[in-house]
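*Asks:* Provide a 3D model corresponding to the input given below.
(2 chains)
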2 protein chains.
Amino acid sequence: MIPNTNYGKLKDSYLFSEVARRVAEYSKAHPEKEIIKMGIGDVTLPLCTAVVEAMKKAAEDMGKAETFHGYGPEQGYDFLREKIKAYYAENNVELDLNEIFISDGAKSDLGNILDILGKDNTVLIPDPVYPVYVDTNVMDGRNIIYADANESNGFLPMPDEKVKADIIYICSPNNPTVDVYNIEQLKEWVDYATANNSLILFDSAYESFVADKSLPRSIFEVEGAKKCAIEFCSLSKTAGFTGTRCGYTVVSNELVYDGMKLNKLWLRRQTTKFNGVSYIVQKAAEAVFTPEGRKQIAENIMYYRENARIITNTLGEIGIQYYGGINSPYIWLKCPDDMDSWAFFDKLLTTAGVIGTPGAGFGKNGEKYFRLTAFSSKENTQKAMLKFKELFSAK
Amino acid sequence: MIPNTNYGKLKDSYLFSEVARRVAEYSKAHPEKEIIKMGIGDVTLPLCTAVVEAMKKAAEDMGKAETFHGYGPEQGYDFLREKIKAYYAENNVELDLNEIFISDGAKSDLGNILDILGKDNTVLIPDPVYPVYVDTNVMDGRNIIYADANESNGFLPMPDEKVKADIIYICSPNNPTVDVYNIEQLKEWVDYATANNSLILFDSAYESFVADKSLPRSIFEVEGAKKCAIEFCSLSKTAGFTGTRCGYTVVSNELVYDGMKLNKLWLRRQTTKFNGVSYIVQKAAEAVFTPEGRKQIAENIMYYRENARIITNTLGEIGIQYYGGINSPYIWLKCPDDMDSWAFFDKLLTTAGVIGTPGAGFGKNGEKYFRLTAFSSKENTQKAMLKFKELFSAK
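*Replies:* All right, here's what the predicted structure looks like:
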């Protein structure tokens, strides 16, 4: 038996594992030191009451024969898909129910979607970017090319007619570079994809943080996108579901490549390799979209926004260049003193006990940059910013 | 963009979808007719109290900052892996914690495991068998060969030195043919795999139904299996988790092919394309392995065993040839009157309102056979058997 030898081409360690390793090593050597986590994009606020109550109710349902749920539809229950359909309709995006697939999170579907795409496609990935896009394609042996995201293009690379790509990743608001494409910019990508028979994989995991009403939360707000884009979304950041696990993927009925309907292929993939998301989790997700749930998660998002404001205020005060914090839960900063990302990571960890994420871990253009998240508690965010002031104000 | 054209080679409809389609068509035409489901292997008893209480407690944990859980380890929480380690130890199988991976069900992992295996391997699959083994390999374009399971070999194909296979699927107790390999027979497969550098994918989803203490519930009860087998298990049938979604996969540290450690590859796959099973679901699964949970699920299994006894008694009485019902929740029967599987399916649906699964849907050797499940309620099982008596006794 020959294993998938493409795995040998993967870099040795996944970014967040390396962060965790260095933190564990430091904590072991200095057990007395307090650590403030502003690295991995994990939330800290508990699930809102509407969600907790829905889960308790669903657990009770599962304990009674009359309301017990066995195998559900692999693509998700209609009660949840209807809510998501209505959520899209608020932004004038009309979806058919069968275009919405419930997942256990965007990470799973972003990886699994590649099952239905050929190995010979050329993939265009922004740099820096969420490492999963690159690694999942290396595992399949696809040819990867990069679109530089840097200060000169406002971290938002635009299509280049000279570059031919079959599969294009777009994350907006972007992770880690925090910027958001506007409608006109996304339209350029849709036009490029249409002209080149390309497919856009659009990651909208951070859509709920878009505060500017003029900016799109979904690529389907752009005309023509249904013919060339798949959208992946998650409740992880929207409703604190990082440990609860629910997301959704929209595969339009209009996506046809080489005579094959991608919606049909994806349905076949999911019915063959997946058995649907837990009933209890889908009931939890449904509660997110109730008026009560919407109100409660909005309060949580406001809390994280306030943390972002505390971070950006401090960085501004001490003269560290930064981006984001308004339409994104992340702050992308330029390492002070021309430090490398990992050097800055080590310095911050060992002198301030603050964990962030080195920009270099997201790609070569991330070198000398650093990502902080607004997902800590307010108290810890304030503490961390005091440390920043102590460490960097003198400069 | 070119889709994965292997999807074009899949047969048009997944077995259970076709069953569902025919049932829906019949129900629409005859809304007044009662339907008794003994087709898809879905359980009917509600989750046991220990599990329900654990989920309610976990939901409350998630609603409080002090006990909230964000991202968990992709490979599962240690509290659950420890329980599974102890469960294996009862059968004298010693596992390291890092060899146990928590999944959202055996179906997901049986599909996803193929990510880490090369496309050029030849795959040996029993016929008839759970259709997912075949379809997932067709999707990857692997060469598939079949091992005939039929009356002449007691539905348990044995290795043939003349046949060279790199990947071998074994399901024991088998689905749909209900038979269980004994230790000596499994040892022959392990010896074959060792001699041929093959990998066995062992599906033990029905292990909790093995009543005969002399039969193995895990391939790791066989010496040498850790060097050549991956085992997939599920709580779906064990504890009624078909809608709750939790299983586990054992990838031993001793599996090395072409110098690559499969445990490391699978960990990399899971950390890149998966974000772990919901905390609430893992707490539910943990409760299955408590003394209280064990006692409660044993009662449920006894209930289904009694249904199996009702079915086999009736079939025996009316002279329909059958297999199983003792170490398996399924009964595999020979269609009366030399009927084809789908003809028998249609006859049973339209005259008795009973749904079963046509053997032909599991492979060519399943033609003229039929699968019934013991997972209905006792009342419905009795009703269905009365219909069988009416329909077939006269013959």
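*Asks:* what's the neighbour count on residue A:147?
*Replies:* Applying other CB atoms under 10 Å in any protein chain shown, we find 21 residues neighbouring residue A:147. C-betas here are computed from N, CA, C, even on glycine.
*Asks:* how close does it sit to chain B?
*Replies:* 17 Å (CB to the nearest CB, to the nearest Å).
*Asks:* isn't there a strand covering that residue?
*Replies:* Yes - assessed by DSSP: H, G, I helix; E, B strand; the rest coil, residue A:147 belongs to a strand.
*Asks:* Is it in contact with residue A:126, as I believe?
*Replies:* Yes - between residue A:147 and residue A:126 there is a contact under CB atoms under 8 Å: 4.9 Å.
*Asks:* Report the set of residues contacting both of those two.
*Replies:* Counting by CB atoms under 8 Å, 6 or more residues apart in numbering or on different chains, the contacts common to residue A:147 and residue A:126 are residue A:157.
*Asks:* Apart from its chain neighbours, what residue comes closest to the residue of the stretch 201-350 of chain A found nearest chain B?
*Replies:* Of all residues in the stretch 201-350 of chain A, residue A:273 sits closest to chain B, at 3.0 Å by CB to the nearest CB. Once flanking residues are discounted, residue A:273 sits nearest to residue B:111: 3.0 Å by CB to CB, 6 or more residues apart in numbering or on different chains.
*Asks:* what's the burial count for that neighbour?
*Replies:* 24.
*Asks:* Return the per-residue confidence for it.
*Replies:* pLDDT for residue B:111: 98.
*Asks:* Ramachandran coordinates for it?
*Replies:* Torsion angles at residue B:111 (phi, psi; degrees, to the nearest 10) stand at phi -80, psi -50.
*Asks:* pretty sure the residue of the stretch 201-350 of chain A closest to chain B contacts residue A:112?
*Replies:* Yes - Residue A:273 lies in contact with residue A:112 (CB under 8 Å); the separation is 7.3 Å.
*Asks:* what do those two both touch?
*Replies:* Joint contacts of residue A:273 and residue A:112 (CB under 8 Å, 6+ apart) are residue B:112.
*Asks:* Tell me how far the residue of the stretch 201-350 of chain A closest to chain B lies from residue A:79.
*Replies:* Per CB to CB, to the nearest Å, residue A:273 is found 24 Å from residue A:79.
*Asks:* now swap in residue A:257 and tell me
*Replies:* 32 Å.
*Asks:* now do residue A:51
*Replies:* 15 Å.
*Asks:* Looking at these two, which one has more neighbours?
*Replies:* residue A:51 (29 against 12).
*Asks:* got a list of what that one touches?
*Replies:* Residue A:51 touches A:239, A:244, A:284, A:287-288, A:293, A:296, B:62-63, counting by CB under 8 Å, 6+ apart.
*Asks:* Which one of the residues you listed is nearest to residue A:91?
*Replies:* residue A:288 (16.5 Å; CB to CB).
*Asks:* show me the contacts for the closest residue to chain B within the stretch 51-200 of chain A.
*Replies:* The minimum distance from the stretch 51-200 of chain A to chain B, using CB to the nearest CB, falls at residue A:111 (3.1 Å). The contact partners of residue A:111, taken as CB under 8 Å, 6+ apart, are A:132, A:136, B:272-274.
*Asks:* 10 Å instead, please
*Replies:* Residues in contact with residue A:111 (CB atoms under 10 Å, 6 or more residues apart in numbering or on different chains) are A:132-133, A:135-137, A:139-140, B:112, B:115, B:269-270, B:272-275.
*Asks:* Select from those every entry located in helices.
*Replies:* Among the contacts of residue A:111, the residues falling in helices (DSSP state H) are A:132-133, A:135-137, A:139-140, B:112, B:269-270, B:272-273.
*Asks:* re the thing from before, tell me which residues touch the residue of the stretch 201-350 of chain A closest to chain B, please.
*Replies:* With CB under 10 Å, 6+ apart, residue A:273 has these contacts: A:74, A:112, A:115, B:107-112, B:114, B:132, B:135-136, B:139.
*Asks:* cutoff 8 Å now
*Replies:* With CB under 8 Å, 6+ apart, residue A:273 has these contacts: A:112, A:115, B:107-108, B:110-112, B:132, B:136.
*Asks:* Equivalent analysis for residue A:63, please.
*Replies:* Taking CB under 8 Å, 6+ apart, one finds B:46-49, B:51-52 in contact with residue A:63.
*Asks:* If we only consider the contacts of residue A:111, which is nearest to residue A:192?
*Replies:* Nearest to residue A:192 among those, with distances taken as CB to CB, is residue A:133, at 17.9 Å.
*Asks:* I'd guessed that closest one sits against residue A:167; true?
*Replies:* No - in this structure, residue A:133 is not within contact of residue A:167 by CB under 8 Å, at 9.6 Å.
*Asks:* just the strands in the stretch 201-350 of chain A please.
*Replies:* A:229-234, A:247-251, A:256-257, A:260-261, A:322-324, A:330-334 (DSSP state E, counting those that start in this stretch).
*Asks:* Deepest-packed of those, please.
*Replies:* Ranked by mean neighbour count, these are led by strand A:229-234 with a mean of 27 (mean count of other CB atoms under 10 Å in any protein chain shown).
*Asks:* Is chain B within reach of it?
*Replies:* No - using CB under 8 Å from any CB of the partner chain, strand A:229-234 stays clear of chain B, with a minimum separation of 9.3 Å.
*Asks:* Quick one: list the elements packing against that strand.
*Replies:* If contacts are counted by 3 or more CB pairs under 8 Å, 6 or more residues apart in numbering or on different chains; DSSP states H and E, strand A:229-234 sits against helix A:106-112, strand A:199-203, strand A:247-251.
*Asks:* from the middle of its chain, how far away would it be?
*Replies:* 10 Å (CA atoms, centre = their mean, to the nearest Å).
*Asks:* Now it - C-alpha only, CSV.
*Replies:* Provided in CSV are the C-alpha atoms of strand A:229-234 (Å, rounded to 0.1, in the frame of the first residue of the first chain):
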residue,chain,number,x,y,z
ALA,A,229,-18.6,30.9,-6.7
ILE,A,230,-19.2,28.6,-3.7
GLU,A,231,-19.5,30.3,-0.4
PHE,A,232,-18.5,28.9,3.0
CYS,A,233,-19.7,30.4,6.3
SER,A,234,-19.5,29.4,9.9
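*Asks:* What parts of the stretch 51-200 of chain A come near chain B?
*Replies:* So the stretch 51-200 of chain A meets chain B at A:51-52, A:55-56, A:59-60, A:62-65, A:68-72, A:104-105, A:107-108, A:110-112, A:115-121, A:132, A:135-136, A:139, A:166-167, A:197-199 (CB under 8 Å from any CB).
*Asks:* Throw together a ChimeraX command that grabs the buried residues out of those.
*Replies:* Buried members of those, defined by 16 or more other CB atoms under 10 Å in any protein chain shown, are picked up in ChimeraX with:
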select /A:51,52,55,56,59,60,62,63,68,69,70,71,72,104,105,107,108,110,111,112,115,116,117,118,121,132,135,136,139,166,167,198,199
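*Asks:* and residue A:5, how many neighbours does it have?
*Replies:* Neighbours of residue A:5 (other CB under 10 Å): 12.
*Asks:* If you drop the residues flanking it in sequence, what lies closest to it?
*Replies:* Per CB to CB, 6+ apart, closest to residue A:5 is residue B:118, 6.6 Å.
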